[in-house]
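**Q** fold the following.
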Amino acid sequence: MRPSPRLKQTIQTTWAIASALALTACGKPSGPSDPLTPTPQDQVELDEMNENAPIVDEKVSKLDDESDDTSGESIGSLKPGQSAVSETSGAVGLVRVRIFPHDHAKSNIPQGRDTVVSSVRLKSSGACRLKRNGRDERLQGLNVTLTTANLSSKPAYIECTGGVTVQRARGTAYRYAGLIEATRATYKSGRAYVKLINIIEHEEYLKGVVPTEMSASWPLEALKSQAVAARSYSLAGLTVQTKSVMERVGEQDMVDTIHDQAYVGLNKSDPRSNEAVDETRGIVLTHGKRVAMAFFSADAGGHTESSEGAWGGKALPYCRAKKEPFDYRLNPNSDWTKTITLSRLTQYFRSGSVTNLSVQRNSSGRASRVVYSLAGKSAKSTSGSGFASAFGMRSNFITPTISGKSVIIRGRGFGHGVGMSQWGAKILSTHSGWNYRQILEFYYEGTSLLRLVNHSTATNSPPI
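**A** Numbering: from 1, shown residues only. You can find the predicted model right below:
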């Protein structure tokens, strides 16, 4: 998931530290629809990443390297920064996730783009509570259509035992634990739409992220590394809000697509991925005084990419280009081939027939520039990641060859390659016997694992 870095969102004040892109994303495996080249605003945010990352207590200890136990006193902890939070619990607590509509120009994976945004149906077979227009109703079962006509900027709240199913006009219906906040919002054009925010405890949110980003059938240690990376990524881009979570009507901390991290509520809930989240509860990656922006992608193809190699700007010291310590072909789908006609290539370059095509590589082996020659003209070059994105390639880890009237692209890997490779985590846990801490130490070199103090033990739903 291309994760476009999300660095200036906000989180409620019950956060233990002054503390979010995957994958999306950037914390998510980037797929063929992900823009591999950041927008100018993305680049500004990337340049400011270290400055915006949350501060952590500099005096805390690291995890005890001699023990796999993550439940006892040997685990270092982050103390609540009382100057940064206004509540005393010191817990991450609740987050606000936008779950409808999916209207981003590029990043609507995995839900797909919503074509109808003026109405949405909510259903449940459980006991429900609906607060709307000054009324507080207790219902057995729920089947209600929310529209821009029966909502206002004042919120309606819905919570149901067993979760609430959001039935969109097209695409999959998703079921959510926690609380649903519904309001009528307005685009800049003046068009009204229904906005749904899922208010949910952060650890429960992660239980909807981890099995969406990584198969729950994969080894537990790989799933645990995904849980820590997803937890760190979701927190690193957020800053503390002075208002409580329920006062921030209509606001969001993250969205549920790969623009941040793929989240489908309870639909992919699985005991194994839940176990991975529970066994790493509250544990985050830190670098210096900050939670690390733990980017990840599906498959690095045997060699990870650096943050500056992928997006330019300042280098993140823990996201370096390095060779993976295994044969990348242990992922049988890592190598891939794509064929492009020369006529399509000519349309892309918008000038003359292409007579030669080659790449300039960066330190990771990926194509930083694609060099092309046109009949009767001198050689020119274009961005390697932009070229890969334009033709729907899995990555810019490519080698092009002109063959007759076509160009054969041989590539490897899937996604931007920055940070943890999800396939790499699977291979290292399966074939090398690595635990999640060893996996994370390799992919995020120089980071420490720390547990947030009093990480929320709240129920799935806030009071309404």
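**Q** any chance you could map the helices in the stretch 201-350 of the chain?
**A** 202-213, 220-236, 271-279, 307-311, 342-349 (DSSP state H, counting those that start in this stretch).
**Q** quick one: work out the angle between the longest one and helix 202-213.
**A** Right, the one you point to is helix 220-236. Helix 220-236 runs at 120 degrees relative to helix 202-213, counting by axes from the mean of the first three to the mean of the last three C-alpha atoms, to 10 degrees.
**Q** for helix 220-236, the averaged confidence score.
**A** Taken as a whole, helix 220-236 has a mean pLDDT of 95.
**Q** for the fourth one, same thing?
**A** Helix 307-311 carries an average pLDDT of 93.
**Q** can you show me the CA trace of that helix as CSV?
**A** Output in CSV follows, covering the C-alpha atoms of helix 307-311 (Å, rounded to 0.1, in the frame of the first residue of the first chain):
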residue,chain,number,x,y,z
SER,A,307,13.1,6.5,2.8
GLU,A,308,15.0,9.1,0.8
GLY,A,309,15.4,6.6,-2.0
ALA,A,310,11.7,6.2,-2.2
TRP,A,311,10.5,9.7,-1.6
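**Q** if we can go back for a sec, so which of the helices of the stretch 201-350 of the chain is the most surrounded?
**A** Comparing these by mean neighbour count (mean count of other C-beta atoms under 10 Å), helix 220-236 ranks first with a mean of 29. C-betas here are computed from N, CA, C, even on glycine.
**Q** work out the gap between it and the centre of the chain.
**A** Its chain's average C-alpha position is 10 Å from that of helix 220-236, according to C-alpha atoms, centre = their mean, to the nearest Å.
**Q** give the other helices and strands that it contacts.
**A** Under the contact criterion of 3 or more C-beta pairs under 8 Å, 6 or more residues apart in numbering; DSSP states H and E, helix 220-236 touches helix 202-213, helix 271-279, strand 283-287, strand 290-291, strand 296-297, strand 420-421, helix 422-431, helix 436-443.
**Q** and the angle for that helix with helix 422-431?
**A** 150 degrees.
**Q** now helix 220-236 against strand 283-287, angle please.
**A** Using the same axes, to 10 degrees: helix 220-236 against strand 283-287 is 60 degrees.
**Q** next, count neighbours for residue 173.
**A** 12 (other C-beta atoms under 10 Å).
**Q** these two touch, right, it and residue 163?
**A** No - counting by C-beta atoms under 8 Å, residue 173 sits too far from residue 163 to count as a contact (11.3 Å).
**Q** shared neighbours of these two, which are they?
**A** Common contacts of residue 173 and residue 163 (C-beta atoms under 8 Å, 6 or more residues apart in numbering): none found.
**Q** SS state for residue 199?
**A** strand (DSSP: H, G, I helix; E, B strand; the rest coil).
**Q** list the contacts for it?
**A** Applying C-beta under 8 Å, 6+ apart, the residues near residue 199 are 94-97, 178-181, 245-246, 461-462.
**Q** tell me which of those residues is nearest to residue 442?
**A** residue 95 (28.7 Å; C-beta to C-beta).
**Q** who touches the residue in the chain sticking out farthest from the centre in this structure?
**A** For the chain, the largest distance from the centre (C-alpha atoms, centre = their mean) belongs to residue 376, which lies 45.4 Å off. For residue 376, the contact set (C-beta under 8 Å, 6+ apart) comprises residue 352.
**Q** now residue 317
**A** 287, 446.
**Q** could you do residue 422 as well?
**A** Residue 422 neighbours (C-beta under 8 Å, 6+ apart): 29, 213-214, 222, 226, 296-299.
**Q** with distance to residue 125 added, can I get those residues in a markdown table?
**A** Below are the contacts of residue 422 laid out as a markdown table (distance: C-beta to C-beta, whole Å):
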| residue | distance to residue 125 |
| --- | --- |
| 29 | 33 |
| 213 | 29 |
| 214 | 30 |
| 222 | 35 |
| 226 | 31 |
| 296 | 36 |
| 297 | 38 |
| 298 | 36 |
| 299 | 40 |
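**Q** so for those residues, which is the shakiest by pLDDT?
**A** residue 29 (39).
**Q** and the residue nearest to residue 133 when sequence neighbours are not counted, what pLDDT?
**A** Closest residue to residue 133 apart from its sequence neighbours, by C-beta to C-beta, 6 or more residues apart in numbering: residue 156 at 7.5 Å. pLDDT recorded at residue 156 is 93.
**Q** residue 156 bridge partners, please.
**A** residue 182 (DSSP bridges).
**Q** out of the helices and strands packed on helix 220-236, nearest to residue 254?
**A** Relative to residue 254, the nearest member of these by C-beta to C-beta is helix 202-213, separated by 8.4 Å.
**Q** give me the helices and strands touching the closest one, please.
**A** Using 3+ C-beta pairs under 8 Å, 6+ apart: helix 202-213 touches strand 94-100, helix 220-236, helix 271-279.
**Q** would you map out the domains in the chain?
**A** Listed by automatic domain parsing, the domain ranges of the chain are 9-297+429-452, 335-412.
**Q** worst average pLDDT in those domains?
**A** Among the domains of the chain, domain 9-297+429-452 scores lowest, at a mean of 77.
**Q** pretty sure residue 293 is in contact with residue 235, am I right?
**A** No - using C-beta under 8 Å, residue 293 is not in contact with residue 235; the gap is 9.6 Å.
**Q** once you drop chain neighbours, what's closest to residue 138?
**A** Computed as C-beta to C-beta, 6+ apart, the closest residue to residue 138 that is not its neighbour in sequence is residue 129, at 5.8 Å.
**Q** sorry, that was for residue 163
**A** Closest to residue 163 by C-beta to C-beta, 6+ apart is residue 175, at 4.4 Å.
**Q** what sits against that neighbour?
**A** 163-166, 265-267.
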